[in-house]
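1. here is my input; please provide its structure:
(one chain, ligands or ions: 1)
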Amino acid sequence: MSEDVLPFDDTRDFDDTERGFIARATTRTITDTEGRVVWDLDAYEFLDDAAPDTAHPSLWRQGQLLIRDGLFEVVPGIYQLRGFDLSVMSVIEGDTGVIVIDPLISKETAAAAFALYQEQRGPRPVVAMIYTHSHIDHFGGVKGIITEGDVDSGRVSVIAPEGFMEAAIAENVFAGTAMGRRAGYMYGAALAKGPRGQIGAGLGQTTSTGEPTLIPPTIDITTTGQELTIDGVRIVFQITPGTEAPAEMNFYFPDHRALCTAENTSHTLHNILTLRGAVVRDARTWAAYLTETIDLWGDELEVVFASHHWPTWGRERAVEFLSMQRDMYAYLHDQTLRMMNQGYVGAEIAEMMETPPALAAQWHTHGYYGSVSHNVKAIYQRYLGWFDGNPAHLWQHPPVAAAERYVAAMGGSDAAVAVARRAVDDGDLRWAVEVLNHVLFADEHHADARALQADALEQLGFGAENGTWRNFFLSGATELREGNFGTPTTTTASDLITALTVEQILSSVAIRIDGPKAWDEHLVLSFVITDEDQAYVFELRNGTANHRPTAAPAPDSTTLTLERRVLIGLMVGRVDLAAAVAAGTIVVDGDLADIGRLVAVLAPVDPGFAIVTP
Ligand SMILES: [Zn+2]
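-> Residues are numbered from 1 along each chain as shown. This is a model prediction of the structure:
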């Protein structure tokens, strides 16, 4: 939407980000034990200035709101720590201690946030931890606040929606390398912070880069209406699987008249399909659960808060906020389907979709994190997939082969660059980057093409209202100018790896098999997992490995008897096979060389794969 309809006279968000302010931390720079900076909100102080012409004023405003950090009272007894990470942590005071909701991404940022709470509100012990959903920015910092010992001893319960562990692991491990590389682009991790660089990600400023941790839940929330009283605090839950995350829940504090909506509502249009890549979400289910939320508590709630951004106070405003958020997802879903059934394809619907004026007049429906454009394509994808039905698109050349042909048709690289330069001069940056992308995929060292593509992507970034679009455009420009920055943030958190089930470990191995190299290999391995009293058979044939639980090792197979954590160590290279066999932590029955044959067909992953060049 165009800038002239932005509702700049509506400044209530600025009031809401200040409301209930108690204190700010003495430093907004958080470091790990080695002194490495893992979070730096001070770096965003430039956002206090007026929007420059290198940033969309709407995204700039969102950044200004997101740097209002500190400890805030939502209502007496409920507090929020904002500006300590991409996400927000909430603290509920009980009779003797506190319940913590969503301990951020890294243990360092979670510890710093909780320290500010304790400094201001006293050293109350943690009696429960709630994870609203299975994304890492809602559990990763848990060990900055509690220990495994706290949970094992029963001092602290850990509450999460059913299916949490499976979703948390599946989303972060199987496609982890590719998602991690793309997440580096999405959050602008390699960009300098500043008016020409990273100014935020819409949902929060960026992701912290400390140590992510995980303590598995001890209490599953399985049904809507399920109620718990923890340390005198009553909580009523609504499960919302398949919304913003595969495992997610909203919950209500009846004695505070306060509703926590996890990440099902936020002060942005959220993602139906996040640009880092994920399984596409269901906008229809998402909207339907929000209708249920309003039905459950809309008559009594006085405030709605979530795990990103700031709360909305007052029953009428809160319900209107929930309803507008709901309407946005429902509208995008229904209108995409309407146009799909009229024969339009995703790229067309994305251009045709107009936001209803009453929704566009709300800041929180603007696309700072998700966008109308990419959400519409995601909805199309969910129903109809990658193919638009046009046979001309059924068997297209892949990028390099197509690029060589396009560039030849335009009269060679220099002529194609001239076409792009004219497009830049005409203000058609979208066409310019498409033409230049072909030049770079045909001739990646063409200096003029690289320079012009970097400039064109940068201009697109400067004009983007969406934080993640800006970061993608500027990251592409940066790699063209300065070279590949790889994956700047941690992707394989050890706690997440440690939480893998045996079946997930064996699947992770299967994912790494170099198919063609293993075509002629046939191997049967058995694993006896002593601490789980369970055996598995793993068979490699036709370049693929299948596994299944079994009562006993397969006859004639090489059998490894070991604990689950040793199997994990083996797979991530932390356990040396020969040393473990010598030490007796792995007992091998059969031919040890079979393990070598498996290792020989495993391929490395590439966290620095090329994106803007072939
Ligand atoms: Zn989140």
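2. what mean pLDDT does the helix or strand containing Asp16 get?
-> Using DSSP states H and E, Asp16 maps to helix 12-18. Mean pLDDT, helix 12-18: 97.
3. neighbouring strands - and their directions - for the helix or strand just after that helix?
-> As assigned by DSSP H and E, the chain's next helix or strand after helix 12-18 is strand 21-23. Applying DSSP bridges, strand 21-23 is found paired with strand 70-75 (antiparallel).
4. okay, Arg382 and the ion: tell me how far apart.
-> Separation of Arg382 from the ion (C-beta to the ion, to the nearest Å): 21 Å. No exception for glycine: its C-beta is placed from N, CA and C like everyone else's.
5. and that residue, helix, strand or coil?
-> Look at Arg382: counting by DSSP: H, G, I helix; E, B strand; the rest coil, its state is helix.
6. how many residues are close by it?
-> Look at Arg382: counted by other C-beta atoms under 10 Å, it has 18 neighbours.
7. contact partners for it?
-> By C-beta atoms under 8 Å, 6 or more residues apart in numbering, the contact list for Arg382 reads 272, 280-282.
8. neighbour-wise, which one of those leads?
-> With neighbours defined as other C-beta under 10 Å, the most crowded of the contacts of Arg382 is Ile272; it has 26 neighbours.
9. got the residues of this protein near the ion?
-> Residues of the chain lying close to the ion by C-beta under 5 Å from the ion are 87, 135, 137, 263.
10. please repeat the previous calculation with a cut-off of 8 Å.
-> Residues of the chain lying near the ion by C-beta under 8 Å from the ion: 86-87, 102, 133, 135, 137-138, 203-204, 244, 263, 307-308.
11. how about those residues in a markdown table, adding distance to Asp299?
-> As requested, the residues of the chain next to the ion are arranged in a markdown table below (distance: C-beta to C-beta, whole Å):
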| residue | distance to Asp299 |
| --- | --- |
| Leu86 | 33 |
| Ser87 | 29 |
| Asp102 | 26 |
| His133 | 25 |
| His135 | 30 |
| Asp137 | 31 |
| His138 | 28 |
| Leu203 | 30 |
| Gly204 | 31 |
| Glu244 | 24 |
| Glu263 | 24 |
| Ser307 | 24 |
| His308 | 26 |
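12. now the residue sitting nearest the centre point of the chain: closest residue in space that isn't a chain neighbour?
-> Nearest to the mean C-alpha position of the chain, by C-alpha atoms, centre = their mean, lies His135 at 6.3 Å. Excluding the flanking residues, the one nearest His135 by C-beta to C-beta, 6 or more residues apart in numbering is Ala245, at 5.5 Å.
13. that neighbour falls within a strand, correct?
-> No: checked against three-state DSSP, Ala245 lies outside a strand; its state is coil.
14. I'd say it and Ala167 touch.
-> Yes: Ala245 sits in contact with Ala167 when judged by C-beta atoms under 8 Å, with a separation of 6.5 Å.
15. which one is the residue in the stretch 51-200 of the chain that the ion sits nearest to nearest to, not counting chain neighbours?
-> Using C-beta to the ion, Asp137 is the residue of the stretch 51-200 of the chain that sits closest to the ion, at 4.2 Å. Spatial nearest neighbour of Asp137, chain neighbours left out: Ser87 (4.1 Å); criterion: C-beta to C-beta, 6+ apart.
16. could you pull out the helices for the stretch 401-550 of the chain?
-> Secondary structure of the stretch 401-550 of the chain (DSSP state H, counting those that start in this stretch): helices located at 413-425, 429-442, 447-463, 467-482, 494-498, 502-511, 515-518.
17. what comes into contact with the last one?
-> If you take C-beta under 8 Å, 6+ apart as the criterion, helix 515-518 is touched by 540, 543-544, 600-601, 603.
18. name the helices or strands packed onto the longest helix seen in the chain?
-> Longest helix in the chain, counting residues (DSSP state H): helix 315-340. Secondary-structure packing of helix 315-340 (3 or more C-beta pairs under 8 Å, 6 or more residues apart in numbering; DSSP states H and E): helix 283-297, strand 303-305, helix 346-352, helix 357-360, helix 372-384.
19. what residues sit buried inside the longest one?
-> Read it as helix 283-297. 283-284, 286-290, 293-294, 296-297 (16 or more other C-beta atoms under 10 Å).
20. wouldn't the residue of the stretch 51-200 of the chain closest to the ion be in contact with Leu86 here?
-> Yes: if you go by C-beta under 8 Å, Asp137 and Leu86 touch, sitting 4.9 Å apart.
21. overlap of the contact sets of those two?
-> 104-105, 204, 207.
22. let's have those residues in TSV, adding neighbour count and distance to Arg121.
-> Below are those laid out as TSV (neighbours: other C-beta atoms under 10 Å; distance: C-beta to C-beta, whole Å):
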residue	neighbour count	distance to Arg121
Leu104	35	18
Ile105	32	23
Gly204	26	23
Thr207	30	27
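23. out of those residues, which is nearest to Glu563?
-> Of all the shared contacts of Asp137 and Leu86, the one with the least separation from Glu563 (C-beta to C-beta) is Ile105, at 29.2 Å.
24. quick check: chain neighbours aside, which residue is closest to that closest one?
-> Using C-beta to C-beta, 6+ apart and skipping residues adjacent in sequence, the residue nearest Ile105 is Gly140, 4.2 Å away.
25. burial of that neighbour, as a residue count?
-> Using other C-beta under 10 Å, Gly140 has 33 other residues around it.
26. where does it land in three-state SS?
-> Following three-state DSSP, we place Gly140 in the coil state.
27. per-residue pLDDT, Val173?
-> Val173 is assigned a pLDDT of 75 by the prediction.
28. so it sits right up against Gln504, yeah?
-> Yes: counting by C-beta under 8 Å, Gln504 is a contact partner of Val173 at 6.9 Å.
29. compare those two (neighbour count), which wins?
-> Shown here are Val173 and Gln504; by other C-beta under 10 Å, Val173 has more neighbours (22 against 18).
30. residue in the stretch 151-300 of the chain nearest to the ion?
-> Taking C-beta to the ion, the stretch 151-300 of the chain has Glu263 as its residue nearest the ion, at 4.8 Å.
31. what is the three-state secondary structure of that residue?
-> For Glu263, the secondary structure call by three-state DSSP comes out as coil.
32. what's around it, how many residues?
-> Here the number of neighbours of Glu263 (other C-beta under 10 Å) works out to 25.
33. do Ile136 as well
-> Other residues within reach of Ile136, judged by other C-beta under 10 Å, total 22.
34. now Gln396
-> As a burial measure, Gln396 scores 9 neighbours (other C-beta under 10 Å).
35. which strand or helix spans it?
-> When elements are assigned from DSSP H and E, Gln396 belongs to no helix and no strand.
36. once you drop chain neighbours, what's closest to it?
-> Leaving out its chain neighbours, the residue that sits closest to Gln396 by C-beta to C-beta, 6+ apart is Ala402, at 6.5 Å.
37. now swap in Met339 and tell me
-> Once flanking residues are discounted, Met339 sits nearest to Ile349: 4.7 Å by C-beta to C-beta, 6+ apart.
38. surely the one you found is in contact with Met340?
-> Yes: assessed by C-beta under 8 Å, Ile349 is found in contact with Met340 at 6.9 Å.
39. neighbour-wise, which of those two wins?
-> The neighbour count for Ile349 versus Met340, taken as other C-beta under 10 Å, is higher for Ile349 (23 against 18).
40. list the buried ones in the helix holding Asp16?
-> 13, 16-17.
41. repeat that for stretch 356-372.
-> For stretch 356-372, using 16+ other C-beta under 10 Å, the buried residues are 359-360, 362-372.
42. contact partners of it?
-> 1, 5, 7, 10, 13, 58-59, 61-62, 200-203, 266-272, 274, 321, 324-325, 327-328, 331-332, 350, 353, 355, 373, 375, 465-469.
43. cool, stretch 410-430 as well?
-> By C-beta under 8 Å, 6+ apart, stretch 410-430 touches 406-407, 431-433, 435-436, 438-439, 442-443, 446, 448-449, 452-453, 455-456, 459-460.
44. now stretch 478-496
-> Applying C-beta under 8 Å, 6+ apart, the external contacts of stretch 478-496 come out as 136, 140, 143, 168-169, 172-173, 176-177, 179-181, 183-184, 187, 189-191, 207, 209, 211-214, 440, 450-451, 453-454, 457, 475, 572, 607-608, 610-613.
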